[in-house]
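Q: give the three-dimensional model of this entry:
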Amino acid sequence: MTEKRHIDPERAANRRRQVLDAAATCFRRSGFHGASMSEISKAAGMSAGHIYNYFASKDAIIAAFVEENETRVHEIISNIGSRPDPLQAIIDDVEQSVHDNLDPDHWALPLEIAAESARNPAIAALSRDADRRMCAGLLALLKAGREKHGLPADDVTVEGRMQAVICLHQGLQLRVLNYPDLPVPELVASFRIAMRALLFT
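A: Numbering: from 1, shown residues only. Reported below is the predicted structural model:
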């Protein structure tokens, strides 16, 4: 399900980006199964046959989105880890992370991928492998942060705290669907309380 390889890497990268941007728009609008390759090709401004030069299937396009999200998360973890106090950095970034997870441009595509993972074993395997790698990076960051503060940093404790942090953020994406008028300032304040309790105790 990976992208096809081409002689001119820069041109191919630009073309793949063109396809991915078009596919993201179509998937958000029509869903993964509702968006046809012809619809994606029209949005990308190229023929369906041309798209197949860069991606073998819609599954390959989704695989590229999973890879991009993993890269994005690793960059966030790296940024937090480079700051003097990573645990405090997470709390300092709560407002931005809450706003990001309430933004449809941020969560619409991941929800489509999650729905596809529920029925497509290949996509599920890709998503789970990426999740394991992302969690490994976050676990290491949290362990180091807790050790710095003299807090319990055994694998069992930190794993539990980490999964709770992830669940809280991913839950925002579903909650805003059913309750679009969430009181954001109060929600941010509550997240700070929850993050401090999970990270510093």
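Q: going by C-alpha atoms from here, please, whenever you check contacts or count neighbours.
A: Noted.
Q: which residues sit in contact with residue 20?
A: Residues in contact with residue 20 (Cα atoms under 8 Å, 6 or more residues apart in numbering) are 61, 65.
Q: let me know the helix or strand that it is in.
A: In the assignment (DSSP states H and E), residue 20 maps to helix 9-30.
Q: report the inter-axis angle for the following helix or strand past that helix versus helix 9-30.
A: Later in the chain than helix 9-30, the nearest helix or strand by DSSP H and E is helix 37-44. With axes from the mean of the first three to the mean of the last three Cα atoms, to 10 degrees as the basis, helix 37-44 and helix 9-30 are set at 120 degrees to each other.
Q: now do the buried residues in the helix or strand following helix 37-44.
A: Counting by DSSP H and E, the element after helix 37-44 in chain order, helix or strand, is helix 48-51. Neighbour counts using 16 or more other Cα atoms under 10 Å place 48, 51 of helix 48-51 among the buried residues.
Q: pull the distance from helix 48-51 to the chain's centre.
A: 27 Å (Cα atoms, centre = their mean, to the nearest Å).
Q: again, but for stretch 91-111
A: Per Cα atoms, centre = their mean, the centroid offset for stretch 91-111 relative to its chain is 10 Å.
Q: helix or strand for residue 156, which one?
A: Short version, using DSSP H and E: residue 156 is in helix 155-178.
Q: and the most centrally placed residue in the chain, what's its pLDDT?
A: Taking Cα atoms, centre = their mean, the centroid of the chain lies closest to residue 69, which sits 4.4 Å from it. With respect to pLDDT, residue 69 scores 93.
Q: if anything else comes up later, I'll come back, but that's it for now.
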